[in-house]
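**Q** Build the 3D model from these lines:
(2 chains)
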Amino acid sequence: MLDKKINHPLHGKKNKSFCFSDATMVKVQKIIARYPEGRQKSALLPLLHIAQEEFEGYLSVDVMDYVAGLLNIQPIEVYEVATFYSQYYLDSVGKNVIEICRTGPCAICGGEKMQQYLEKRLNIKTGETTPDGLFTLKAVECLGACGSAPVMQINTEFYEFLTKEKIDQILDELTLKAKEEKPEKSLWKEKFF
Amino acid sequence: MERKILLKNIAVPGIRTFEVFRSTGGYRSVEKALKTMSPDEVVEEVKKSGLRGRGGAGFPAGMKWSFIDKKSDKPRYLICNADESEPGTFKDRFLMEKIPHLLIEGMICSCYALGAKTGYIYVRGEYKYIIGILNEAIREANANGFLGKNILGSSYSIDIHVHSGAGAYICGEETAMIESLEGKRGNPRIKPPFPAVVGLYGGPTVVNNVETLANIGFIVNQGGTEYARYGSGKSTGTKLISACGNINNPGVYEIELGLSVREFLYDPQYCGGIKNDKKLKAVIAGGSSVPILPANLILQTASGEERLFTYESLAEGGFVSGTMLGSGGFIVYDEDACIVRNTWNLARFYHHESCGQCSPCREGTGWMENVLHRIENGQGRTRDIDLLVSIAAKIEGNTICPLGDAAAWPVASAIRHFRHEFEEHVLHPERCGHDL
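**A** Numbering: from 1, shown residues only, chains lettered A, B, ... in the order given. So this is what the prediction gives:
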């Protein structure tokens, strides 16, 4: 039994067995082949992206252990990477992860107000997920789109020159889409790896 | 008459595809290099061009290449630094999105010059859609015989792969990038040894910025001497400037080095002046790490000369009254901008992005953020201002990588040029007009 008192992101995750689908495994092999023999650890960052996409949107200990096994490296080597990079989530997130830029160039163009508005509109604080599991709001550092500030990224999509009206429209569309469709994963992995 | 090198054909419809890119003269440099030049001759041309690294540090590209350890028996690597994360900088994203083959062409010539058989493009994790564009460009180049085995029937083979980061500013530092590419945390390495001697997987490695590599095709085609005819004095060539902040026309512009900052800021073909006819307050000229300058010092040097977009002119006056060309991230602040709030914002950024390896940076960036936060929130003390200067001075130069300097400079320069605003915040916090 894990000690529940330990407040560590790597503790207390539920145990499940994970396995990539055959189609994903083909991609995984291709990615590993990009690096010299014996250097398969280089594939760790791309593989964690795929794992996060494929398994519930975040990296649980079991998922990380599975990836460690695939690459024939120690689990700790995966944990230390997963905890370093801001795009790996160690806790469950909503279907849509809203990442609003909070850095200087966006801030002087109204980014902070947009963040406030998102909190108000979703009725959550930054870092939280809506009760229906549809949206998680995160504030992130510079997204590299300062020329179209303020900006946010939802999953893989950039939304630029934000206004309150634009945010309303985007969130309405995403909410509607979620109601109409069965849950589907975004397709960037299919297209890009 | 403005002259362009990188974005000359940007308006040609379909320039993102191989076919159109090729029809505008694309990939000719690969044919020329492989068929008529030795690798060393390519390096010589790049040296002659005077091209300096466009990622921010401005190190001469040809010199970096010539450091490659030729005695090493390990494979050599070229890494393209596409981890563009410096606040205010979005030029590489633009280049890769609009005209990706320019980068691939430059990388092939560079791999040939360096004797590297493998190149990696390290793209920041947030630019996921760029990964798709680059992979498509690589596929096309492969299909047309410019990449892969025996390029254009020669004995030379090159593979280029795209590698995705996962959200870490520090991975733009070249040794952190190498660590990250090896599947580790992005902790910068102690130099020496430099990557040109011991780099990726222990092999001699060159890490170059996207824009730097995109210039190589032109240099091979036209020669280094012709490239050096562009620009002004020692600052040769053109530079992509990504302009943002309180201006009328934010965006990416290719300028010939030597253009005056005033013209860039006010001419309608560039920034087009300050938004809503406000007054200019300050500019960060080369990405958030370089010192901020008040309006008078960005338009003119302390000695009264016109400030120009050259490495030398922007640095004129050192850090007392000058700044740096940096990455070309041009952030403009109007009269309403709160310098204290902006400085706190940037300090938070560097605190968030510090890898935590060196204590001056790990601890110091946190202290700067906290002290600035309390000044911004009306709980500052007059001595906090000197405390900030002291912390910045203790970080600068005392860390393995330049992130420490990059964190210290914005704070130190903001206090240097806008001390009165910090004092005002301490004494009369209610007077700050910033409503958020």
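**Q** All the helices of the stretch 301-436 of chain B, residue numbers only.
**A** Secondary structure of the stretch 301-436 of chain B (DSSP state H, counting those that start in this stretch): helices at B:311-315, B:318-321, B:339-353, B:359-376, B:382-395, B:403-427.
**Q** Now the shortest one: buried residues?
**A** When neighbours are counted by 16 or more other CB atoms under 10 Å in any protein chain shown, the buried residues of helix B:318-321 are found to be B:Ser321. (Each C-beta comes from the backbone N, C-alpha and C, glycine too.)
**Q** C-alpha coordinates for that helix, CSV please?
**A** The C-alpha trace of helix B:318-321 is given here as CSV (Å, rounded to 0.1, in the frame of the first residue of the first chain):
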residue,chain,number,x,y,z
GLY,B,318,27.6,48.4,-23.4
PHE,B,319,25.0,47.5,-20.8
VAL,B,320,25.1,51.1,-19.4
SER,B,321,23.2,52.5,-22.4
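**Q** In contact with residue 105, which residues?
**A** Going with chain A. A:Pro105 makes contact with A:Cys142, A:Cys146, A:Ala149, B:Pro87, B:Gly88, B:Cys244, B:Gly245, B:Ile331, according to CB atoms under 8 Å, 6 or more residues apart in numbering or on different chains.
**Q** wait, I meant chain B there
**A** Applying CB under 8 Å, 6+ apart, we find B:Glu105 in contact with B:Gly26, B:Tyr27, B:Ser29, B:Val30, B:Phe146, B:Ile216, B:Gly217.
**Q** Any idea how many residues pack against A:Leu118?
**A** 21 (other CB atoms under 10 Å in any protein chain shown).
**Q** got the phi/psi numbers for the closest residue to it other than its chain neighbours?
**A** Closest residue to A:Leu118 apart from its sequence neighbours, by CB to CB, 6 or more residues apart in numbering or on different chains: A:Leu137 at 5.6 Å. Note on A:Leu137: its backbone torsions stand at phi -110, psi 130 [degrees, to the nearest 10].
**Q** Any figure for the gap between A:Leu137 and chain B?
**A** 16 Å (CB to the nearest CB, to the nearest Å).
**Q** hang on, that residue packs against A:Asn123?
**A** No - judged on CB atoms under 8 Å, A:Leu137 makes no contact with A:Asn123 at a distance of 10.3 Å.
**Q** Which one's more surrounded, these two?
**A** A:Leu137 (24 against 9).
**Q** and that one, what is it in contact with?
**A** So A:Leu137 contacts A:Ile98, A:Ile100, A:Leu118, A:Glu119, A:Leu122, A:Ile124, A:Lys125, A:Thr126, A:Gly127, A:Glu128, A:Thr129 (CB under 8 Å, 6+ apart).
**Q** Please list the members of these that lie in strands.
**A** Among the contacts of A:Leu137, the members falling in strands (DSSP state E) are A:Ile98, A:Ile100.
**Q** which of the helices of the stretch 301-436 of chain B is buried the deepest?
**A** helix B:339-353 (a mean of 24; mean count of other CB atoms under 10 Å in any protein chain shown).
**Q** Give me the residues contacting that one.
**A** Helix B:339-353 is touched from outside by A:102-104, A:107-108, A:141-142, B:85, B:87, B:168-170, B:281-282, B:288, B:292, B:333, B:365-366, B:368-369, B:372-373, B:375-376, B:403, B:406-407, B:410-411, B:414-415, B:418, B:421-422, B:425, B:432, B:434, with contacts defined as CB under 8 Å, 6+ apart.
**Q** from the chain's centre, how far out does it sit?
**A** Distance, stretch centre to chain centre, for helix B:339-353: 19 Å (CA atoms, centre = their mean, to the nearest Å).
**Q** One more: stretch B:183-196?
**A** 19 Å.
**Q** So which bits of it are buried?
**A** For stretch B:183-196, the neighbour count (16+ other CB under 10 Å) marks B:Gly183, B:Lys184, B:Arg185, B:Gly186, B:Asn187, B:Pro188, B:Arg189, B:Phe194, B:Pro195, B:Ala196 as buried.
**Q** for the record, mean pLDDT for it?
**A** What stretch B:183-196 shows for mean pLDDT is 97.
**Q** any residues touching it, and which ones?
**A** A:41-45, A:71, A:73, A:77, A:80-81, A:84-85, B:64-65, B:67-69, B:168, B:170-171, B:173-180, B:204-207, B:355, B:357, B:400-401, B:403.
**Q** What would it look like as PDB? C-alpha coordinates only.
**A** Presented in PDB, the C-alpha positions along stretch B:183-196 are these (Å, rounded to 0.1, in the frame of the first residue of the first chain):
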ATOM      1  CA  GLY B 183      16.300  11.400 -23.800                       C
ATOM      2  CA  LYS B 184      17.300  13.100 -20.600                       C
ATOM      3  CA  ARG B 185      16.400  16.200 -18.600                       C
ATOM      4  CA  GLY B 186      17.500  19.400 -20.200                       C
ATOM      5  CA  ASN B 187      20.400  20.200 -17.900                       C
ATOM      6  CA  PRO B 188      23.200  22.100 -19.700                       C
ATOM      7  CA  ARG B 189      26.600  20.500 -19.700                       C
ATOM      8  CA  ILE B 190      29.800  22.100 -18.400                       C
ATOM      9  CA  LYS B 191      31.900  23.500 -21.300                       C
ATOM     10  CA  PRO B 192      34.600  22.600 -22.300                       C
ATOM     11  CA  PRO B 193      34.400  20.200 -23.900                       C
ATOM     12  CA  PHE B 194      32.400  22.100 -26.500                       C
ATOM     13  CA  PRO B 195      29.800  20.200 -28.600                       C
ATOM     14  CA  ALA B 196      32.100  20.500 -31.700                       C
END
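**Q** Just the ones of the contacts of B:Glu105 in helices?
**A** When DSSP state H defines the helices, the subset of the contacts of B:Glu105 inside them is B:Ser29, B:Val30, B:Ile216, B:Gly217.
**Q** List just the nearest of these to B:Leu6.
**A** B:Gly217 (9.5 Å; CB to CB).
**Q** if I pick the closest one, what's in contact with it?
**A** Going by CB under 8 Å, 6+ apart, B:Gly217 touches B:Gly26, B:Tyr27, B:Arg28, B:Ser29, B:Val30, B:Leu102, B:Glu105, B:Gly106, B:Cys109.
**Q** try B:Ser154
**A** The contact partners of B:Ser154, by CB under 8 Å, 6+ apart, come to B:Leu34, B:Lys35.
**Q** cutoff 7 Å now
**A** By CB atoms under 7 Å, 6 or more residues apart in numbering or on different chains, the contact set of B:Ser154 is B:Leu34.
**Q** And it, how far from B:Gly145?
**A** Counting by CB to CB, to the nearest Å, the gap from B:Ser154 to B:Gly145 is 10 Å.
**Q** B:Val411 - nearest residue in space that isn't next to it in sequence?
**A** Nearest residue to B:Val411, sequence neighbours excluded (CB to CB, 6+ apart): B:Ala392, at 4.8 Å.
**Q** Same check on B:Met63?
**A** Nearest one to B:Met63, counting by CB to CB, 6+ apart, is B:Lys47 at 6.8 Å.
**Q** Could you do B:Trp65 as well?
**A** Nearest residue to B:Trp65 in three dimensions, chain neighbours excluded: B:Val43, at 5.1 Å (CB to CB, 6+ apart).
**Q** That neighbour falls within a helix, correct?
**A** Yes - secondary structure of B:Val43 (DSSP: H, G, I helix; E, B strand; the rest coil): part of a helix.
**Q** ok, it - how many residues close by?
**A** Neighbours of B:Val43 (other CB under 10 Å): 21.
**Q** Assess the claim that it and B:Ala113 are in contact.
**A** Yes - look at B:Val43 against B:Ala113 with CB atoms under 7 Å: they come within range, at 5.1 Å.
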